[in-house]
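> Predicted model follows, preceded by the sequence.
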Amino acid sequence: MDNLGMVLAVLGAAFAAGFAGVGSAKGVGLVGEAGAGLLTEKPDSFGRVLILQILPGTQGLYGFLVALLIFIKTGLLSGSPVALTWMQGLYFFAASLPIAIAGYFSAVYQGKVAASGVSMIAKQSDQTSKAMILSAMVETYAVLALLISFIAVFRITV
Amino acid sequence: MAKIKLVHFELVSLLDESKKLVEFLQKSGVAEFESSENENLTKYHTDYIVNQFLRKHKKAVEAYGILEKYCQLKKSFTESFSDSREIEYSEYRLISDRADELLGICNEIISLENKISELNTQTAYNESLIDYYGPWEALDIPMASKRTMTTSIFIGSFPQELTKEDILSLISSADDHPEDVEIEIVSKRKMLTCAVIMCHQSSSEALLEILKNNGFSIPDKMAPKLPVKAIEDLREEISLLKAEISAVTERLKEFKDDYNDIRFLSDYFIAQADKYSAVENAAATESVFFLKGYIPERIAEEIKFEIERQFTAQMELSEPDYENGDVPVLIENKSFAAGVESVTNMYSPPSNKDIDPNPVMSFFYYAFFGLMLSDAGYGLLMVIFSLIAKKKFKVRGNLKKTADAVLYCGISTVIWGALFGGWFGDLIPTVCTAFLGFEKVPVLALWIEPMNNSMELLMYCFILGVIHLLTGLMLRFYILIKERNFTSALFDVIPVCIFVVGFVIFAGGFIFTFDERIKSLGGPLLAVGSILIVLTAGRSSKNIIGKLGGGLYGLYNTASGYLGDILSYSRLLALSLVTGVIANVVNLLGAMFGNVILFIIVVIFGHTVNIAINLIGTYVHTNRLQYVEFFSKFYEGQGRAFTPFKINSKFFTIKEDN
C-alpha cells in the first residue's frame, strides 16, 4: 500500500493523456474520412482539409500536457519520484478528470463539426474560415477544462 | 488610411472611341463598373468574344506547358514567386500586335506535341509486336503457313511448358488420333510452348480437335513473313520512329525563345477577355457609349481630366448613393494593418456602415498571436521566412500582405518568447546541462516563466482580454456617435463598460492577488454598472414592467455574455503553455540518449512538428478571438470589396509611367 499514492497519480496522468488522446483520435479520424471523400473530387482542397483535420487534435495535446505536468510534479520525469500519500494521489487523479472527460467529448464533437465543415467547403471552398471558427467554438470548453486541470495539478503541494 | 472614399461616375463618349477608352481605364486600373440598365440603350453581349479569348488563353497555357516539359523550363516552387517581370506599357502593346503570330506558334507547338504523342503510340505498338513475335523468332517458315502439298501445318502455342514427347503423348492418349504426327518445338518457357505440328491433310481436322482440347491456340497476330525478319523490320521501324521523335522534339525546342512571349500572351488574352466582359456593363446608342461605376475620390478629378483631354468624352462625378446603390468598399492600409486585412475579409469585408477594423485589430492580432505561440525561436524562423519571401522573391499583392503578417506575428512571437524565456523551448539550458556539463543555467525569461507563474500569467491574459473587449466597445461608441445616435452610445455602451470593469475587478479579487485599493473599487463599480444596465436596457418597452423585465434580462445577458467572453481569453495561456511544454518534451526526449547526433535529429523533427501544429492552432484561435469576442461588439461586415477593372497578370507587371 506504500505506493498507492503514486499509482493513483499515474492513473490520473493515464486518464488525462488516454481519454483526451482517444477523443482527439476519433475527432481527427472523423474529419479525415470526410476529407478523403472530398479530396477524391477536389485534390486542391488538401490544405484547407488539413487545417480542419488538425483542429480536434489539440485536446490530445492538452491531455498530454496535464499528464506531463503530473509526471513533473510527482518527480517521475526526473527519475526521483516523491513519496505520495494516497490522499495526494487521489488529488492528482481528481485533477486529471476535467481534461480527461471534457477533452474526450469536446474532441469528438469538434470532429463532427469539422467534418461538417468539410462538406461545407466541398460546396463553397471560400468558406473555410467559417468552418474553422465553428469548429473552434467547441474547443473553448476543452480549454476551460485544461485550465482547471492545470491549476489543480499546479496547486498541489507534494 | 483605412477606408478610401469612392465617388460614383457616369461617363459618356463617342462610340468610335469606346475601345480606346476602355483600354485606358483598364490600364489605369482604378475604376469599378456597374451595369448600366436602361431600356433606351443597347446592351452589349460579349459572351462570344470573351469565350474566344478564353479559348486562346487556354491554347497559350497549353503551349507554354509543352515548352516547359520539353525544354526543361519548369520553375521550382520558390522561383515561381519571382516570376513576374516588369515591363513598359509600350511593350505590352507590342505583344498585342504580335498576338496572331504568337498564336500561330502556339498552334504549331501543340500540333508538334500531338505528332510526338502519335509517334510514341506507334513505337509502343511496334514494341508490343516485337514482344509478341519474340517466342517465334526461331521459326524458319512464315508464321501464316497452313499446308504443304500433302500435309497440314499448325503453328501455335500451349499455355504450359511441354517437350516434344509430352505433346506426342498428349496426342496419342486421345481416342481416334492420327498417326504420323511431326512436331517441332520453336521455343519454350514457363507457361508457354511454341510449336509447329504437322500431319497428313486427311487427318488435320481430328488433330486440330485434339490440340484445341489440350489448350493449343493459334496466334491471332501473324507475322506476314519469317518472324525473325518481321522483328528485324519492326526494330528498324522503331529506330526510324525514334529518330523522327527526336527530330520533332528538336523542332519544338526551337521555340524555346518564344517561351516568355507565350506566357505573356496567355496573360494578354486574359486581359482581353476581362476587357470584353467589362464592356458588358456598358450601354450604347448608335453613336454614343455610356459607362458608369465607382472610382476613388482622390484620383477621380485627375482621371476625369485625362479622359476629357484624350477622348471626346464627358465624365460626371457624384456622391455615391449609399441607401439604394450597391456601393463597394475600398480599404487601404499601411503594411502593419494590411497584414490582417485577409483575416477581416475572411469574416466578411467591411460595409459602408462599418469602420475599417484592421488598424485597431492588427495590434491585438499580433499581440495575441505572439502570446499564444510564445517561442522566440519559432518567432525568429517566421521572421526569417518572411524576410526571405519579401527580399528575395519580391512578393507582391496579397502575398506581400501575408508575408507582412507573418513578419509582424514573428516579431511579436520573438518578444513574447524572450519575455517567457522560450527559445525552442528550453533548448539552451538542455544543451548546457546535457552536453556542455554546466551545473546550473541562468533563467532566460526576461519577465516571467509561464510554467512556474501560470496563475499570474492567467491574470494578465484576462487583463489583455478585457482591454480587447473594451476597445471593441469603444469602437461601437465611436460608430454610434458618428451616426449621431447619442442615446444608444450613452445607454448601451457606457453601462456595459462600467459593469465589465467592475465585474472583472470584483471576481478577480477572489482568485488573484493584487492591490487592495483596486480590489475595493470592484464592488461599487459592479453595482453601478448593474443598476445602470437594469435602468437602461429595457428602455424600448412601453410600460414600466416591460422596462424592468427588459433591464433585468439585459443584465443577465451582459453578465453571462461577458463572463464567457473573458474566460475565453484563457486560451491565450493554454496555447502558450502547450507550445512551451511540447517544445521542452522534444528537447528532453532528444537529450535522453546522450548522443549528439540523435539529439539533433529528434530536436529538428520534433520542433518542426510542434511549429506546424501550433501555428495552425494559434492562427485559428487568434482569429476566433477577433471574430467572436471582438467583432461581435461593433462590426457588421457584409460589405463588397472594391475590385477595380485592371490588367490581371501572372507573368508581368506594367510599370507605372510617371
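Thanks, I have it.
> Find the nearest non-adjacent residue to the single nearest residue of chain B relative to chain A, please.
Chain B approaches chain A most closely through B:Met346 (3.8 Å), counting by C-beta to the nearest C-beta. The way it works is simple: take the backbone N, C-alpha and C, and place the C-beta from them, glycine included. Leaving out its chain neighbours, the residue that sits closest to B:Met346 by C-beta to C-beta, 6 or more residues apart in numbering or on different chains is A:Ser129, at 3.8 Å.
> ok, now A:Ala9?
A:Phe92 (3.9 Å).
> residue contacts, the closest residue to chain B within chain A?
Using C-beta to the nearest C-beta, A:Ser129 is the residue of chain A that sits closest to chain B, at 3.8 Å. By C-beta atoms under 8 Å, 6 or more residues apart in numbering or on different chains, the contact set of A:Ser129 is B:Met346, B:Tyr347, B:Asn623.
> host element of it?
In the assignment (DSSP states H and E), A:Ser129 maps to helix A:128-155.
> Give me the below-cutoff pLDDT ranges for chain A.
Under the criterion of pLDDT under 70, the regions of chain A flagged as low confidence span A:1.
> Within range of chain B, give me the residues from it.
The interface of chain A toward chain B, taken as C-beta under 8 Å from any C-beta of the partner chain, is made up of A:51, A:54-55, A:57-58, A:61-62, A:64-65, A:68-69, A:77, A:128-129, A:132-133, A:136-137, A:139-140, A:143-144, A:146-147, A:150-151, A:154.
> Spell out which parts of chain B neighbour chain A.
So chain B meets chain A at B:346-347, B:454-455, B:458, B:567-568, B:570-571, B:573-574, B:577-578, B:581-582, B:585, B:588, B:613, B:616-617, B:620-621, B:623-624, B:627-628 (C-beta under 8 Å from any C-beta).
> Neighbour count says what about these? Which are buried?
B:346-347, B:454, B:458, B:568, B:570-571, B:573-574, B:577-578, B:581-582, B:585, B:588, B:613, B:616-617, B:620-621, B:623-624, B:627-628 (16 or more other C-beta atoms under 10 Å in any protein chain shown).
> so what's the spatially most central residue of chain A up against?
Nearest residue to the geometric centre of chain A (C-alpha atoms, centre = their mean): A:Gln59, 1.7 Å. Listed by C-beta under 8 Å, 6+ apart, the contact partners of A:Gln59 are A:Ala20, A:Gly23, A:Ser24, A:Gly27, A:Ile99, A:Gly103, A:Tyr104, A:Ser106, A:Ala107, A:Gln110, A:Glu139, A:Ala142.
> Which members of these occur in helices, if any?
Per DSSP state H, helices hold the following members of those: A:Ala20, A:Gly23, A:Ser24, A:Gly27, A:Ile99, A:Gly103, A:Tyr104, A:Ser106, A:Ala107, A:Gln110, A:Glu139, A:Ala142.
> Work out the gap between stretch A:114-123 and the centre of the chain.
Computed by C-alpha atoms, centre = their mean, to the nearest Å, the chain-centroid distance of stretch A:114-123 equals 22 Å.
> And it, what's buried?
So, applying 16+ other C-beta under 10 Å, buried residues of stretch A:114-123: A:Ala114, A:Ala115, A:Ser116, A:Gly117, A:Val118, A:Met120, A:Ile121, A:Ala122.
> Neighbours of residue 8, how many?
You didn't pick a chain, so chain A it is. Neighbour count for A:Leu8, taken as other C-beta atoms under 10 Å in any protein chain shown: 22.
> Oops, wrong one, chain B.
Here the neighbour count serves as a burial measure; for B:His8 (other C-beta under 10 Å) it reads 18.
> returning to what we had before: let's see which of the residues of chain B next to chain A end up in helices.
Among those, the members falling in helices (DSSP H) are B:346-347, B:454-455, B:458, B:567-568, B:570-571, B:573-574, B:577-578, B:581-582, B:585, B:588, B:613, B:616-617, B:620-621, B:623-624.
> returning to what we had before: identify, from the ones in helices among the contacts of A:Gln59, the entry nearest to A:Val158.
Nearest to A:Val158 among the ones in helices among the contacts of A:Gln59, counting by C-beta to C-beta, is A:Ile99 at 19.5 Å.
> What is the burial count for that closest one?
A:Ile99, neighbours per other C-beta under 10 Å, totals 33.
> what does B:Ser239 give?
The number of residues packed near B:Ser239 is 11, by other C-beta under 10 Å.
> so how far is the host helix or strand of it from its chain's centroid?
In this structure, B:Ser239 is located in helix B:227-253 according to DSSP H and E. In this view, helix B:227-253 has its centroid 43 Å away from the chain centroid, taken as C-alpha atoms, centre = their mean.
> list the buried ones in that helix?
Residues of helix B:227-253 classed as buried under the neighbour-count rule (16+ other C-beta under 10 Å) are B:Pro227, B:Ala230, B:Ile231, B:Leu234, B:Ile238, B:Leu241, B:Ile245, B:Val248, B:Thr249, B:Leu252.
> With stretch B:20-37 instead?
Of the residues in stretch B:20-37, those with enough neighbours to count as buried (16+ other C-beta under 10 Å) are B:21-28, B:30-33, B:36.
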